[in-house]
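Enquirer: Quick one, structure for this:
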Amino acid sequence: MSDCESLGDCADSRIERLYDYLDGALSHDDLVEIKNHLEDCPECAEEHDLECVIRSVVKRSCTEVAPTTLKTSILDRISQIKTAEH
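Expert: You can find the predicted model right below:
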């Protein structure tokens, strides 16, 4: 039984450490500790996997480019609003 199962849920501090783990912002020893914990705790492993999916989707969406026609129409509308305000 993992310590998370015995507690009924992971502490917020462990979730924060999971984010740091995914960001590569932990020391080597802390990385090993979290990796070992993920192997033994299905709840944390599930949270890890979900966060990986979310990060992947966000990363992919940040590389998409809006069509030129959309950009033009937005800039035209902003210009119209600015002109109307003056």
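
Enquirer: Now the host helix or strand of Val58: buried residues?
Expert: Element membership for Val58 (DSSP states H and E) is helix 42-63. Neighbour-count burial for helix 42-63, counted by 16 or more other CB atoms under 10 Å, picks out 43-45, 47-48. C-beta coordinates here come from the backbone N, C-alpha and C atoms, glycine included.

Enquirer: now stretch 16-25
Expert: Buried residues in stretch 16-25, counted by 16+ other CB under 10 Å: 17-18, 21.

Enquirer: This structure: helices as residue ranges?
Expert: Assignment of helices within the chain using DSSP state H yields the ranges 3-7, 12-23, 28-40, 42-63, 68-85.

Enquirer: From the contact counts, what lies against the fourth one?
Expert: Contact here means 3 or more CB pairs under 8 Å, 6 or more residues apart in numbering; DSSP states H and E; on that basis helix 42-63 packs against helix 3-7, helix 12-23, helix 28-40.

Enquirer: Could you pull up the residues touching Ala66?
Expert: By CB atoms under 8 Å, 6 or more residues apart in numbering, the contact list for Ala66 is empty.

Enquirer: Now it, what are its backbone angles?
Expert: Main-chain torsions, Ala66, degrees, to the nearest 10: phi -70, psi 150.

Enquirer: okay, the helices of the chain in JSON lines with mean pLDDT next?
Expert: Output for the helices of the chain, formatted as JSON lines (pLDDT from 0 to 100):
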{"stretch": "helix 3-7", "mean pLDDT": "52"}
{"stretch": "helix 12-23", "mean pLDDT": "83"}
{"stretch": "helix 28-40", "mean pLDDT": "90"}
{"stretch": "helix 42-63", "mean pLDDT": "90"}
{"stretch": "helix 68-85", "mean pLDDT": "94"}
